[in-house]
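In: dropping the sequence and predicted coords here.
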Amino acid sequence: MKSGSNLEKVIASGNPAVTAELGPPMSADAHEVIKKANQLKGFCDAANITDCQTAVVRISSIAAAYIALKEGLEPVMQMTCRDRNRIAMQADFLGAAALGLKNCLCIAGDHQSFSAAGRLKGHPGAKNVYDVDTCQLVGIMKKMRDEGLQQGGDKLEVAPKFFIGASWTPMGDPIDFRPYNLKKKVDAGADFIQTQGIYDMELFKVQMEKARNLGLHERTAMLAGIIVPKSAMMLKYMDSSVAGVTVPKELINRMLKAKDAAGDDKKKAKELQEQEGMKITVELVKQALDIPGVKGVHIQAIEWESAIEHIVKAAGLYPRPVFSE
Amino acid sequence: MIVGEQKKIEEIWEMIQGFKKILVFGCNTCIAVCHAGGGKEAEILASLLRMKAKQEGLDLEIKDLAVQRHCEPEYFEPVMEDVRKYDLVLSLACGVGVNFLSERIGNIPVYPGINTEFFGGVPQPGFFVELCAGCGDCVLHLTGGICPVVRCSKSLMNGPCGGTNKGKCEISPDVDCAWFLIVERMKQLGTLEKLFQVQPPRNWAGGTHGGPRRVVVEHVRTLEEQESK
Ligand code: SF4
Ligand code: SF4
């Protein structure tokens, strides 16, 4: 075991892994984290704790991850390259490991100008860091863990033992380069990969085949990302505006049908779309797990953590495996 | 070349409050090419400021002048006696010029009339694009001549990130994704496999992060020293 995390154990056991996502609140409200952690606990093997996602200030990933851990939910802390230089990153890895965190997802992070796609003020005037990029960050973590060395070369008496993750946008531009983009992350040391949300399974299959041809599925655990759709509007937005995401017409139509079935009743329309969204998610989860080389799913129910229980049960992925310490 | 834009007249007006004799001092090299701070722009700005002073009933003496370069003493030394007659120099040179003149002028403040922005090229008249950040450790041989430090919004060395959308950067549909361009360019050159190599963390100390930088060209220094002996 590289880290001994629950996620690592599930993957090593050959069971399909399930990760979820917990978005920390934009205030110092620990209860929000506790509430979400309890909604997820037992229904996933670990939950990503986002790091100021959409470039908006929230409870830091490490702090929220620690709260989740105390609630009995295994966290995957996230670390963006946007906000920290290599000194701060490594200091945070040491601190996080000392607090008992065992998984970390390394990502570039949304650019500071993003400000929740303009819905919030955010901090577009912030200075970003980008001292290192994702591949380099993965390499730094690996060097700390496996060689007991800081990036600069100083020795670590006690090395932080993380199960190291990275993200992958399989259908992003330029699409023929994406498998190599994944390879670089794996070469750098990514133990697991969580993909961008996938709706177009056919295209994902093609990209996975290319990844398999490079032998990457044997060197890293591929977790297919599924973002739970809430409404037809959300699917349309994802299709038109989110990089690397295409949504088949058929799925949008299913959601529109669910919406229309409610007539003028707005509350009902929301309910029916949410139900359809969970149904779609369950189907996508099953399809993804059938693809050779896929070792699990990363289900993101954004600001809708309560949906995970139903989805995981309906997908036949409950109960989650339990391992002794 | 160095590219900059003139500050808004309101900001400049605010800045010059309290001064009586003001010289708007242009520079006829880069900053003139980008239509921001050459002799012509200095003349226009000076007359705008004079008009504003008149409107406000202020008795100010505002003149303009320009030299070929503000970053080498030999260009401005011949006019320094004149320049020192003012109680404020509003420089339309780039930031280099403002710093350089400040250190040499003595008891007179030099204020910036320009926001100095970047090193750029001029693909079309009146259009300037940033192409290099002066990072001190050029990697263009690895990236098909396209700078990842300044043309990628996240300065990624192992791009692209997940934000590339139809060849554009996640920050705006008007901004090309540098890594999209890099991949295409490397394909064109038949050197795509160079991008398969993970680039290690950079040494930024040679860039703007390692303290003020200096370059010493030994053979020129030696010659200078011999001549001055
Ligand atoms: S790599 Fe550095 S030196 Fe080369 S173009 Fe980019 S910023 Fe300039
Ligand atoms: S979209 Fe392209 S240019 Fe923009 S940050 Fe990502 S890799 Fe860099």
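Out: Cool, got the structure. Ligands and ions are numbered 1, 2, ... in the order given.

In: which stretches of the stretch 51-200 of chain A form helices?
Out: Along the stretch 51-200 of chain A, counting by DSSP state H, counting those that start in this stretch, helices occupy A:61-70, A:86-98, A:134-142, A:178-188.

In: equivalent analysis for chain B, please.
Out: B:9-16, B:30-33, B:39-55, B:73-76, B:80-83, B:95-105, B:148-151, B:178-189, B:218-228 (DSSP state H).

In: list the contacts of the longest strand seen in chain B.
Out: For chain B, the strand with the greatest residue count under DSSP state E is strand B:114-124. Residues outside strand B:114-124 that contact it (C-beta atoms under 8 Å, 6 or more residues apart in numbering or on different chains): B:1-7, B:31, B:33-34, B:36-37, B:91-96, B:128-134, B:150. All C-beta spots, glycine's among them, are computed from the backbone N, C-alpha and C.

In: repeat the analysis, applying 6 Å as the threshold.
Out: B:3-7, B:36-37, B:92, B:94-95, B:128-132 (C-beta atoms under 6 Å, 6 or more residues apart in numbering or on different chains).

In: out of these, who's the most crowded?
Out: B:Gly37 (33 neighbours; other C-beta atoms under 10 Å in any protein chain shown).

In: what's the closest of the helices of chain B to chain A?
Out: Chain A lies closest to helix B:178-189 among these, at 4.9 Å (C-beta to the nearest C-beta).

In: in the closest one, what counts as buried?
Out: Buried residues in helix B:178-189, counted by 16 or more other C-beta atoms under 10 Å in any protein chain shown: B:Ala178, B:Trp179, B:Phe180, B:Leu181, B:Ile182, B:Val183, B:Glu184, B:Met186.

In: same list (those) but as JSON lines, adding pLDDT and distance to ligand 1.
Out: As requested, the buried residues of helix B:178-189 are exported to JSON lines (pLDDT from 0 to 100; distance: C-beta to the nearest ligand atom, whole Å):
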{"residue": "B:Ala178", "pLDDT": "98", "distance to ligand 1": "10"}
{"residue": "B:Trp179", "pLDDT": "98", "distance to ligand 1": "13"}
{"residue": "B:Phe180", "pLDDT": "98", "distance to ligand 1": "17"}
{"residue": "B:Leu181", "pLDDT": "98", "distance to ligand 1": "13"}
{"residue": "B:Ile182", "pLDDT": "98", "distance to ligand 1": "12"}
{"residue": "B:Val183", "pLDDT": "98", "distance to ligand 1": "17"}
{"residue": "B:Glu184", "pLDDT": "98", "distance to ligand 1": "18"}
{"residue": "B:Met186", "pLDDT": "98", "distance to ligand 1": "15"}
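
In: does ligand 2 have contacts with stretch A:53-60?
Out: No - for stretch A:53-60 and ligand 2, the contact criterion (C-beta under 6 Å from any ligand atom) is not met; the two come no nearer than 12.4 Å.

In: residues near A:Gln287, how many?
Out: Neighbour count of A:Gln287, defined by other C-beta under 10 Å: 17.

In: correction: the previous question concerned A:Met233.
Out: Quick note: A:Met233 (other C-beta under 10 Å) scores 14 neighbours.

In: how about the CA coordinates for the helix or strand containing it, as PDB?
Out: According to DSSP states H and E, A:Met233 maps onto helix A:232-241. In PDB, the C-alpha atoms belonging to helix A:232-241 read as follows (Å, rounded to 0.1, in the frame of the first residue of the first chain):
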ATOM      1  CA  ALA A 232     -32.500  20.200 -19.000                       C
ATOM      2  CA  MET A 233     -31.100  23.700 -18.600                       C
ATOM      3  CA  MET A 234     -28.000  22.400 -16.800                       C
ATOM      4  CA  LEU A 235     -27.400  19.800 -19.500                       C
ATOM      5  CA  LYS A 236     -27.800  22.400 -22.200                       C
ATOM      6  CA  TYR A 237     -25.300  24.700 -20.400                       C
ATOM      7  CA  MET A 238     -22.800  21.800 -19.900                       C
ATOM      8  CA  ASP A 239     -23.100  20.900 -23.600                       C
ATOM      9  CA  SER A 240     -22.600  24.400 -24.900                       C
ATOM     10  CA  SER A 241     -20.300  26.000 -22.400                       C
END
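
In: which bits of chain B sit near ligand 1?
Out: B:Cys132, B:Ala133, B:Gly134, B:Cys135, B:Cys138, B:Val139, B:Leu140, B:Cys147, B:Val149, B:Val150.

In: what sits against residue 162?
Out: As the question left the chain open, I've gone with chain A. Contacts of A:Phe162 (C-beta under 6 Å, 6+ apart): A:Ser3, A:Cys104, A:Met141, A:Arg145.

In: can you look at chain B instead?
Out: Neighbours of B:Gly162 in contact, by C-beta under 6 Å, 6+ apart: A:Thr169, A:Gly172, A:Gln196, A:Gly244.

In: okay if I get these as JSON lines plus distance to A:Phe163 and neighbour count?
Out: Shown next, in JSON lines, are those (distance: C-beta to C-beta, whole Å; neighbours: other C-beta atoms under 10 Å in any protein chain shown):
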{"residue": "A:Thr169", "distance to A:Phe163": "21", "neighbour count": "25"}
{"residue": "A:Gly172", "distance to A:Phe163": "24", "neighbour count": "23"}
{"residue": "A:Gln196", "distance to A:Phe163": "20", "neighbour count": "21"}
{"residue": "A:Gly244", "distance to A:Phe163": "24", "neighbour count": "22"}
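
In: read off the pLDDT value for the closest residue to ligand 2 within chain A.
Out: Residue nearest to ligand 2 within chain A: A:His111 (6.3 Å; C-beta to the nearest ligand atom). Looking at A:His111, its pLDDT stands at 96.

In: do the one 10 residues further on as well
Out: A:Lys121 carries a pLDDT score of 96 in this model.

In: again with the one 3 residues further on
Out: The model reports A:Pro124 with a pLDDT of 96.

In: tell me the contacts of the closest residue to ligand 1 within the stretch 201-325 of chain A?
Out: Closest approach between the stretch 201-325 of chain A and ligand 1, counting by C-beta to the nearest ligand atom: A:Ala243, at 23.9 Å. By C-beta under 6 Å, 6+ apart, the residues touching A:Ala243 are A:Gly172, B:Gly163, B:Thr164, B:Asn165.

In: thanks again, I'm all set now.
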